[in-house]
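Undergrad: I'll drop the sequence and a predicted model, then ask my questions.
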Amino acid sequence: MKLEDRTFIALDLGTSNILAYVGKQGIVYDEPSIMAYDTFTNELVALGQEAYEMVGKTHESIRMIVPIRDGVITDLEAAKDLLKHIFAKLKMLNDWKNSIILLACPSGVTELEREALKQVAYDMGAEIVLVEEEVKMAALGAGLNIDLPRGNVVIDIGGGTTDIAIISAGDVVISRSVKVAGNFFDEEIKKYIRSEYNVTIGDRTAENVKKELGSLSKYKGEKTMSVFGRDIVSGLPKEAVISSEEIRNVLVNSFSVITDLLIGLMENTPPELAGDIITNGFMICGGGSKIRGIKEYFNGIFSVPCTLSPNPLTGVVEGAKGFQKIINRRLEAGYYGKNAKDVKKGSQSKYI
């Protein structure tokens, strides 16, 4: 099949959201990666935003499933079902046949988990499936010229994982991943409110608190917020009034894990690249980069300039869009064999 006849599809299989990009069409899907099933018939009731609206408000006959957690497929059949329903909804199932699929995954994903991701795409009819690190795609999507032999530090704070990488000469030199990200912050907020106010709140409430009050440094217009949950003693509905300072303390404590990971990465960085980093600073990507004061936080600790991605939520698929040109050049040069399992020597692709 001619190269131009193949459909290019890029998927950012995030813990919080799934984004799908299709060549010549752009981003065709961007919704929460959650599904609702009927427990008796095992039929899909809702997915995406519709299913997200049901979180915490369903009865025992509805089962909520998130097939991808921390960049890992925890339910292979549900993941296949999710992708099939997404593209069926878009009336684009035929686009999978003989297609080129690029899957973005966290740095810490194992080879076994990577193969599971690829198998989902192969089972849906893809001809060539490639896997690249999310942090690399996020760097491209943020506008970094990663092809230059110059060190760039990219911090990608997603929903399930935070990936940190040093990228130079077109690929990842060294990377680390930790499961401290958006969902972890939500859990820490829930724990704090339960501990301090004896109130149990739901996942969506915790996420709203993070968005409304979350910060890593003081800012003008700090406020308080009323949250409603269940009293852990009486079991009755109860209100708690939370301040910005309280949530800031929770987040700063959580971010210390990311800071330690970054320090460990820097300690293993080649000296020449370390010099570049002082000049270039950090590029912060992902949904976590929207937390107030994050630039000031990292700058205060490391004394280097920090830049926020202009498109933190869609940066990975935007980067994949740019990476398509590289894939096409490699295909024309014969780097990828059948099902992309055989690679011609000289290919710069690290993960295939």
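TA: Received the coordinates, thanks.

Undergrad: only C-alpha atoms for contact and neighbour calcs from this point on.
TA: OK.

Undergrad: Pull the distance from the helix or strand bottoming out on mean pLDDT in the chain to the chain's centre.
TA: None of the helices or strands of the chain scores lower by mean pLDDT, DSSP states H and E than strand 72-73, at a mean of 72. Centre-to-centre, strand 72-73 and its host chain are 12 Å apart (CA atoms, centre = their mean, to the nearest Å).

Undergrad: do stretch 30-40 as well
TA: On CA atoms, centre = their mean, the centre of stretch 30-40 falls 18 Å from that of its chain.

Undergrad: Identify all contacting residues around it.
TA: 13-20, 43-49, 51-52, 60-68, 82 (CA atoms under 8 Å, 6 or more residues apart in numbering).

Undergrad: Out of those residues, name the ones that lie in strands.
TA: Mapping those onto strands (DSSP state E) picks out 13, 17-20, 44-47, 62-65, 68.

Undergrad: can you list those residues in TSV and add neighbour count?
TA: Listed next are the ones in strands among the contacts of stretch 30-40 as TSV, based on neighbours: other CA atoms under 10 Å:
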residue	neighbour count
13	26
17	19
18	21
19	20
20	21
44	19
45	15
46	18
47	23
62	19
63	17
64	21
65	17
68	23
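
Undergrad: For residue 168, name its beta-bridge partners.
TA: Counting by DSSP bridges, residue 168 is bridged to residue 171.

Undergrad: Quick one: residues contacting residue 61.
TA: Contacts of residue 61 (CA under 8 Å, 6+ apart): 38, 39, 40.

Undergrad: Strands - which of those residues land there?
TA: Going by DSSP E, the strands hold residue 38 from those.

Undergrad: got the phi/psi numbers for residue 305?
TA: Phi and psi for residue 305, reported as degrees, to the nearest 10, are phi -70, psi 150.

Undergrad: And for residue 262?
TA: According to degrees, to the nearest 10, residue 262 has phi -70, psi -40.

Undergrad: The closest residue to it other than its chain neighbours pairs with what?
TA: Leaving out its chain neighbours, the residue that sits closest to residue 262 by CA to CA, 6 or more residues apart in numbering is residue 164, at 6.9 Å. Beta-bridge partners of residue 164, counted by DSSP bridges, are residue 155, residue 176.

Undergrad: Could you count how many residues lie near residue 164?
TA: 29 (other CA atoms under 10 Å).

Undergrad: got it, and residue 37?
TA: Residues contacting residue 37 under the criterion other CA under 10 Å number 18.

Undergrad: And the helices in the stretch 251-352 of the chain?
TA: 271-280, 294-302, 315-332 (DSSP state H, counting those that start in this stretch).

Undergrad: And the stretch 1-150 of the chain, by the same measure?
TA: Counting by DSSP H, counting those that start in this stretch, the helices of the stretch 1-150 of the chain are 49-52, 76-89, 111-123, 134-141.

Undergrad: as a whole number, average confidence for the last one?
TA: Read that as helix 134-141. Mean pLDDT, helix 134-141: 93.

Undergrad: packing partners for it?
TA: The contact analysis (3 or more CA pairs under 8 Å, 6 or more residues apart in numbering; DSSP states H and E) places helix 134-141 against strand 100-105, strand 152-157, strand 162-168, strand 282-285, helix 315-332.

Undergrad: Mind putting these into TSV with distance to residue 214 and mean pLDDT?
TA: Listed next are the helices and strands packed on helix 134-141 as TSV, based on distance: least, CA to CA, whole Å; pLDDT from 0 to 100:
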stretch	distance to residue 214	mean pLDDT
strand 100-105	26	90
strand 152-157	15	96
strand 162-168	17	94
strand 282-285	17	96
helix 315-332	22	89
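
Undergrad: Make a markdown table out of these and add distance to residue 93.
TA: Listed next are the helices and strands packed on helix 134-141 as a markdown table, based on distance: least, CA to CA, whole Å:
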| stretch | distance to residue 93 |
| --- | --- |
| strand 100-105 | 13 |
| strand 152-157 | 31 |
| strand 162-168 | 31 |
| strand 282-285 | 31 |
| helix 315-332 | 19 |
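
Undergrad: Identify whichever of those lies nearest to residue 257.
TA: strand 162-168 (10.1 Å; CA to CA).

Undergrad: returning to what we had before: which of the helices of the stretch 1-150 of the chain is buried the deepest?
TA: When these are scored by mean count of other CA atoms under 10 Å, the highest mean neighbour count falls to helix 134-141 (a mean of 28).

Undergrad: out of the contacts of residue 61, which one sits closest to residue 90?
TA: Nearest to residue 90 out of these is residue 38 (CA to CA; 22.6 Å).

Undergrad: pLDDT score assigned to that closest one?
TA: You'll see residue 38 listed with a pLDDT of 93.

Undergrad: Output stretch 318-336 as CSV, nothing but the C-alphas.
TA: Extracted in CSV, the C-alpha atoms of stretch 318-336 (Å, rounded to 0.1, in the frame of the first residue of the first chain):
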residue,chain,number,x,y,z
GLU,A,318,0.2,18.1,18.7
GLY,A,319,3.7,16.7,19.0
ALA,A,320,2.6,13.4,17.4
LYS,A,321,1.3,15.5,14.4
GLY,A,322,4.7,16.9,13.9
PHE,A,323,6.4,13.5,14.4
GLN,A,324,4.3,12.1,11.5
LYS,A,325,6.8,13.7,9.1
ILE,A,326,9.7,11.8,10.7
ILE,A,327,7.7,8.5,10.6
ASN,A,328,7.0,9.0,6.9
ARG,A,329,10.7,9.6,6.1
ARG,A,330,11.6,6.4,8.0
LEU,A,331,9.0,4.4,6.2
GLU,A,332,10.2,5.6,2.8
ALA,A,333,13.8,4.7,3.8
GLY,A,334,12.6,1.2,4.8
TYR,A,335,13.3,1.5,8.6
TYR,A,336,10.1,-0.3,9.6
